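>>> I'd like to go over a predicted model; first the sequence, then the structure.
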Amino acid sequence: MPGTPAPPPGSPPGPAPSTADTIAARIERLPRWGLPRLAFVILGLAYFIDIYDVSIVGYTLTPMTEHFHLSTTAVTVMLTGNAIATAVGAFLFGSLGDILGRRRTYLIGMAALGLSALVCALAWDGPSLVVFRVLSGLATGGGLAVCTSYVQEFSPAHRRGRYVSITVLASSVGGLGAAQLSGWLVPLSASGWRWVYGIGALAFVLLLAARPGILPESPRWLAARGRDAETDAIVDAMEERLLRAGETLPQPEVEASEPAPPRFPVARLLKPPFLQRLLVVAAFWFGLQWAVRATLTLQPAILEKMGMSLREITSLTSVGQVLGIAGYLAMPLIIDRVERRTLIVCGLLIATGSTVVIAVGDGSFTSYLIASIMLHGFSPMIFVPGYSYAAEIFPTFARTTGASLAGGLGQVGGITQSLVLVSVIATADPRMSMLLIGAGYAFGALIIFLLAIPTTGRALSAINAAPGPATPATASAERRPSPELS
């Protein structure tokens with residue numbers, strides 16, 4: 001049921017809204033998700049497989065090292081190279097998302113994830129394993145930013161955070177699956193780690209499920225490129241689906257107009273206000289990647305050095321991750337009621353505290369149980385609003401590029417920690433290693449607390465409005481206190 005957006009009451013007459021403005025207004029007035037629910041499952045599985053691939057490294061690093069007699073140098077090259085490739089992949093997939101579209105980039109990303117998992121499982125010697133793990137970083141680099149942007153661009157502002165949180169829920173299941181499957185499969189044989197990697201090849205299944213009728217191209221992206229007929233068909237189908245379900249659709253109203261796509265989108269991101277947003281998110285990801293990559297890949301080795309067995313580590317990690325799933329289930333009720341930056345800062349401070357608990361408790365069973373609950377149980381407060389914020393602060397024409405570029409720059413944190421902490425863990429006191437991991441969480445909290453802008457409940461077009469006379473919606477948002485650099 002196409003509709004012509006009405007101007008806000010009392011506003012002076014102006015030029016007719018563009019197709020992009022009209023499409024944005026029609027999506028924003030939807031009462032809920034307009035695509036089939038199976039789309040949530042398909043996008044959620046992408047989160048599952050991506051996080052699963054990253055998480056299994058920590059549980060398989062020791063058996064892989066022993067299986068191929070990898071040196072400390074080879075391990076450092078593998079971890080550092082993977083982080084570098086992830087940064088490159090983030091920019092690559094982000095750019096593809098804005099050039100080829102969200103849907104096609106998603107399909108390419110899933111094919112790359114499945115292939116990288118398969119070749120890692122089939123590695124025949126140390127050098128081949130190192131090469132395949134480095135290249136796998138390309139696949140995990142930018143896929144999630146494309147998924148997040150996709151969900152946001154089909155969501156009305158009042159439910160945008162809720163729908164992102166539903167898909168991100170699968171990432172906690174991926175982390176839990178990595179811990180459980182590693183704990184079961186790795187001890188079975190010297191090649192048990194191969195089966196752990198091979199499971200990631202299930203990404204190929206998503207290529208068969210992601211049909212255009214279930215996972216169409218983003219209408220906002222299509223409208224920005226003048227593909228009006230395709231755009232109208234997709235939004236018409238969404239509206240008709242909701243009308244058949246008994247929903248009532250109000251008259252669409254244009255809140256604000258985003259900038260028109262420039263010839264070089266990346267160059268536009270290097271100018272205010274998007275440059276400041278890019279740097280803030282990159283700094284946030286730097287701290288988080290430093291801490292998370294070290295937690296996933298190195299913390300099990302630190303805990304083993306403190307006297308814990310792999311089975312104890314995976315079991316206690318799973319306790320926290322089960323509680324984390326409960327946290328993800330609660331996030332849809334919270335995320336659109338509390339400002340994103342508030343949730344992120346609280347989650348990061350709790351994560352920082354978890355590393356302190358392990359250090360003070362000297363890696364005891366009780367200390368890691370408490371720390372696992374703190375870290376994994378409250379991680380939804382970091383990742384759900386974090387993924388959402390990192391994409392919604394950029395305009396449609398460069399949303400996946402901006403989110404992925406910031407994520408790629410943030411991977412410098414993961415690269416740096418692998419260069420620093422691998423050698424530190426080999427020589428330093430494990431308690432100091434844990435505190436160094438926690439420093440990354442604390443840095444990210446400081447950045448978001450000081451510099452993040454408000455986004456909760458605001459339309460994407462209002463967050464990224466083009467310069468010009470403020471509409472009532474954008475004017476009220478601009479009156480809110482904002483720490484963004486001018």
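Done, it's in.
>>> now for the strand or helix carrying Q180, which elements pack on it?
Secondary structure from DSSP states H and E places Q180 in helix 160-185. Under the contact criterion of 3 or more Cβ pairs under 8 Å, 6 or more residues apart in numbering; DSSP states H and E, helix 160-185 touches helix 38-68, helix 143-153, helix 192-198, helix 310-334, helix 380-392. Where you see a C-beta, it was placed from the backbone N, CA and C, and this is true even at glycine.
>>> following the last one, which helix or strand shows up next?
Going back to what we said before, that points to helix 380-392. Next element after helix 380-392 (DSSP H and E): helix 399-427.
>>> C-alpha coordinates for the helix or strand just after that following helix, CSV please?
Next helix or strand after helix 399-427 toward the C-terminus (DSSP H and E): helix 430-451. Output of helix 430-451 as CSV, limited to C-alpha atoms (Å, rounded to 0.1, in the frame of the first residue of the first chain):
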residue,chain,number,x,y,z
PRO,A,430,49.4,-14.8,34.3
ARG,A,431,47.6,-12.3,36.6
MET,A,432,49.4,-9.4,34.8
SER,A,433,48.2,-10.9,31.5
MET,A,434,44.6,-10.9,32.7
LEU,A,435,44.9,-7.2,33.7
LEU,A,436,46.3,-6.4,30.3
ILE,A,437,43.3,-8.0,28.7
GLY,A,438,41.0,-6.0,30.9
ALA,A,439,42.6,-2.7,29.9
GLY,A,440,41.0,-3.0,26.5
TYR,A,441,37.5,-3.2,27.9
ALA,A,442,38.2,-0.2,30.1
PHE,A,443,39.5,1.9,27.2
GLY,A,444,36.4,1.1,25.1
ALA,A,445,34.2,2.2,28.0
LEU,A,446,36.0,5.5,28.3
ILE,A,447,35.6,6.3,24.6
ILE,A,448,31.9,5.6,24.4
PHE,A,449,31.2,7.4,27.7
LEU,A,450,32.9,10.6,26.5
LEU,A,451,32.2,10.7,22.7
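>>> next, the buried residues of helix 430-451.
Within helix 430-451, the residues that qualify as buried are 430-431, 433-449, 451, counting by 16 or more other Cβ atoms under 10 Å.
>>> between that helix and helix 380-392, how many degrees?
Orientation check (axes from the mean of the first three to the mean of the last three Cα atoms, to 10 degrees): helix 430-451 against helix 380-392 gives 50 degrees.
>>> now helix 430-451, how far from the chain's geometric center?
Its chain's average C-alpha position is 19 Å from that of helix 430-451, according to Cα atoms, centre = their mean, to the nearest Å.
>>> for stretch 19-39, same thing?
22 Å.
>>> again, but for stretch 300-314
28 Å.
>>> what's the answer for stretch 225-241, then?
27 Å.
>>> residues of it that come out buried?
227, 231-232, 234-235, 238-239.
>>> where do the helices sit along the stretch 201-350 of the chain?
203-209, 219-224, 228-244, 265-269, 274-297, 299-305, 310-334, 340-360 (DSSP state H, counting those that start in this stretch).
>>> which residues touch the shortest one?
Contacts of helix 265-269 from elsewhere in the structure, counted by Cβ atoms under 8 Å, 6 or more residues apart in numbering, are 95, 98, 259, 262, 274-275, 278, 394, 397-398, 401-402, 405.
>>> just the buried members of these?
Among the contacts of helix 265-269, those classed as buried by 16+ other Cβ under 10 Å are 95, 98, 259, 274, 278, 394, 397-398, 401-402, 405.
>>> report the two of the residues you listed separated the most.
By the measure Cβ to Cβ, S95 and P259 form the most distant pair in the buried ones among the contacts of helix 265-269, at 18.1 Å.
>>> and the helix or strand F93 falls within, how far out from the chain middle?
Secondary structure assignment for F93, by DSSP H and E: helix 72-99. Distance of helix 72-99 from the chain centroid (Cα atoms, centre = their mean) equals 15 Å.
>>> same for that helix, what does it pack against?
Using 3+ Cβ pairs under 8 Å, 6+ apart, helix 72-99 sits against helix 38-68, helix 102-121, helix 126-140, helix 143-153, helix 274-297, helix 399-427.
>>> give me the neighbour count for L107.
15 (other Cβ atoms under 10 Å).
>>> next: V164.
The burial count for V164: 30, using other Cβ under 10 Å.
>>> hang on, G402 packs against L275?
No. Between G402 and L275 there is no contact under Cβ atoms under 8 Å: 10.1 Å.
>>> circling back to that earlier point, if you compare the helices of the stretch 201-350 of the chain, which one is most tucked away?
Comparing the helices of the stretch 201-350 of the chain by mean neighbour count (mean count of other Cβ atoms under 10 Å), helix 219-224 ranks first with a mean of 25.
>>> just the CA trace of that helix, in PDB.
This file holds the C-alpha atoms of helix 219-224, laid out as PDB (Å, rounded to 0.1, in the frame of the first residue of the first chain):
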ATOM      1  CA  PRO A 219      14.800  -1.000  -0.300                       C
ATOM      2  CA  ARG A 220      16.700   1.900   1.300                       C
ATOM      3  CA  TRP A 221      19.800   0.900  -0.700                       C
ATOM      4  CA  LEU A 222      17.800   0.400  -3.900                       C
ATOM      5  CA  ALA A 223      16.100   3.800  -3.500                       C
ATOM      6  CA  ALA A 224      19.400   5.500  -3.000                       C
END
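>>> contacts for that helix, please.
18-20, 22-24, 27, 98, 101-102, 153-154, 230-231, 234-235, 258, 261, 396-397, 460.
>>> pick out the residue nearest the middle of the protein.
Nearest residue to the geometric centre of the chain (Cα atoms, centre = their mean): Y387, 4.2 Å.
>>> so what pLDDT did it get?
Here, the pLDDT recorded for Y387 equals 89.
>>> in space, what's closest to it - neighbours in sequence excluded?
In space, not counting the residues next to it along the chain, Y387 is nearest to T148; the distance is 4.8 Å by Cβ to Cβ, 6 or more residues apart in numbering.
>>> mind checking how far that neighbour is from S354?
25 Å (Cβ to Cβ, to the nearest Å).
>>> pretty sure I23 sits against R227.
No. Contact criterion Cβ under 8 Å: I23 and R227 do not qualify, at 10.7 Å.
>>> so which of the helices and strands packed on helix 72-99 is nearest A371?
Closest among those, using Cβ to Cβ: helix 274-297, at 10.1 Å.
>>> the closest one to helix 340-360, inter-axis angle?
Going by the same axes, to 10 degrees, helix 274-297 makes 30 degrees with helix 340-360.
>>> can you work out which other helices and strands pack against helix 274-297?
Here helix 274-297 touches helix 38-68, helix 72-99, helix 265-269, helix 340-360, helix 380-392, helix 399-427, helix 430-451, going by 3+ Cβ pairs under 8 Å, 6+ apart.
>>> send me that helix as CSV with only the CA atoms.
Taking C-alpha atoms only, helix 274-297 is exported to CSV below (Å, rounded to 0.1, in the frame of the first residue of the first chain):
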residue,chain,number,x,y,z
PHE,A,274,31.0,11.2,9.8
LEU,A,275,34.8,11.4,10.3
GLN,A,276,34.3,11.9,14.0
ARG,A,277,31.8,9.1,14.2
LEU,A,278,34.2,6.8,12.3
LEU,A,279,37.1,7.6,14.7
VAL,A,280,34.9,7.1,17.8
VAL,A,281,33.6,3.7,16.7
ALA,A,282,37.1,2.6,15.5
ALA,A,283,38.6,3.5,19.0
PHE,A,284,35.7,1.6,20.7
TRP,A,285,36.4,-1.5,18.5
PHE,A,286,40.2,-1.1,19.1
GLY,A,287,39.7,-1.6,22.9
LEU,A,288,37.1,-4.3,22.4
GLN,A,289,39.1,-6.2,19.8
TRP,A,290,42.2,-6.1,22.1
ALA,A,291,40.2,-7.6,24.9
VAL,A,292,37.9,-10.0,23.1
ARG,A,293,40.4,-11.5,20.8
ALA,A,294,42.8,-12.0,23.8
THR,A,295,39.9,-13.5,25.8
LEU,A,296,38.9,-15.9,23.1
THR,A,297,42.3,-17.0,21.8
